[in-house]
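1. A predicted structure for the sequence below; I have some questions about it.
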Amino acid sequence: MNNPLINPGLGTFFWMLVSFGVLVFILGKWGWPMLLKALKKREQAIADSLNAAQKAREEMAQLVAHNEELLRQAKVERDEMLRNARLTSEKIVEDARTKATEEADRIVENARESINYEKLKAMHDLKNQIATLSIDIAEKLMMAELSDKEKANAIILRELEEAHLN
């Protein structure tokens, strides 16, 4: 077991120690700061990424909440529009029904007036025809009665006497 690597000599140990010290000095002067700087930079990048992810999660939660609110508002507006449309259509139907009823009443009233006018006109025409017919009949009777001169004079005298009495 006299292996120089396992049991080094004093000179080898000294030079190994000096070499190790130089290596530690060089690494401490230039290597470790760069390594620590790179580790800090990586740590900062990871922290920034985590913060960005957290911020993105919060923004997504806000967007989801905002979208749900917009959806709720859209549903409320849709329901309001449907209700207004329903009310408007009911009003239009009711107005049309009212106008149709008024128009029908006006047409019926015009028909009644027209019927009454035609009835009065027919009665007037009938009276005129009856009067004309009565006059024609009376004229023919009078002609027949007055064809005899004595009878005619007697009727005239009788009528004159009655006229004075009234």
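-> Sure, I can see it. Numbers count the residues shown, from 1 in each chain.

2. so where is the protein shaky, pLDDT-wise?
-> Scanning the chain with the threshold set as pLDDT under 70 gives 1, 4-5, 145-146, 163-166.

3. helices of that one, start to end?
-> Here the chain has its helices, by DSSP state H, at 10-26, 32-146, 149-165.

4. dump those into TSV; add mean neighbour count as well.
-> All C-beta spots, glycine's among them, are computed from the backbone N, C-alpha and C. Formatted as TSV, the helices of the chain follow (neighbours: other C-beta atoms under 10 Å):
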stretch	mean neighbour count
helix 10-26	10
helix 32-146	10
helix 149-165	10
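
5. and of those, who's closest to Asn2?
-> Asn2 lies closest, by C-beta to C-beta, to one member of those: helix 10-26, at 13.4 Å.

6. thinking again about what came up before, reformat the helices of the chain as JSON lines; add distance to Asn2.
-> Converted to JSON lines, the helices of the chain look like this (distance: least, C-beta to C-beta, whole Å):
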{"stretch": "helix 10-26", "distance to Asn2": "13"}
{"stretch": "helix 32-146", "distance to Asn2": "37"}
{"stretch": "helix 149-165", "distance to Asn2": "192"}
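
7. which of these sits closest to Asn3?
-> With C-beta to C-beta as the measure, helix 10-26 is the member of the helices of the chain nearest Asn3 (12.0 Å).

8. and the angle from that closest one to helix 32-146?
-> Orientation check (axes from the mean of the first three to the mean of the last three C-alpha atoms, to 10 degrees): helix 10-26 against helix 32-146 gives 30 degrees.

9. CA atoms only: put helix 10-26 into PDB for me.
-> Taking C-alpha atoms only, helix 10-26 is exported to PDB below (Å, rounded to 0.1, in the frame of the first residue of the first chain):
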ATOM      1  CA  LEU A  10       5.400  15.800   1.600                       C
ATOM      2  CA  GLY A  11       6.600  17.500  -1.600                       C
ATOM      3  CA  THR A  12       3.800  16.300  -3.700                       C
ATOM      4  CA  PHE A  13       1.400  17.300  -1.000                       C
ATOM      5  CA  PHE A  14       2.900  20.800  -0.900                       C
ATOM      6  CA  TRP A  15       2.700  21.300  -4.600                       C
ATOM      7  CA  MET A  16      -0.800  19.900  -4.700                       C
ATOM      8  CA  LEU A  17      -1.800  22.400  -2.000                       C
ATOM      9  CA  VAL A  18      -0.100  25.300  -3.900                       C
ATOM     10  CA  SER A  19      -1.800  24.300  -7.100                       C
ATOM     11  CA  PHE A  20      -5.200  24.000  -5.300                       C
ATOM     12  CA  GLY A  21      -4.700  27.400  -3.700                       C
ATOM     13  CA  VAL A  22      -3.800  29.000  -7.100                       C
ATOM     14  CA  LEU A  23      -6.900  27.300  -8.600                       C
ATOM     15  CA  VAL A  24      -9.100  28.600  -5.800                       C
ATOM     16  CA  PHE A  25      -7.600  32.000  -6.100                       C
ATOM     17  CA  ILE A  26      -8.200  32.100  -9.900                       C
END
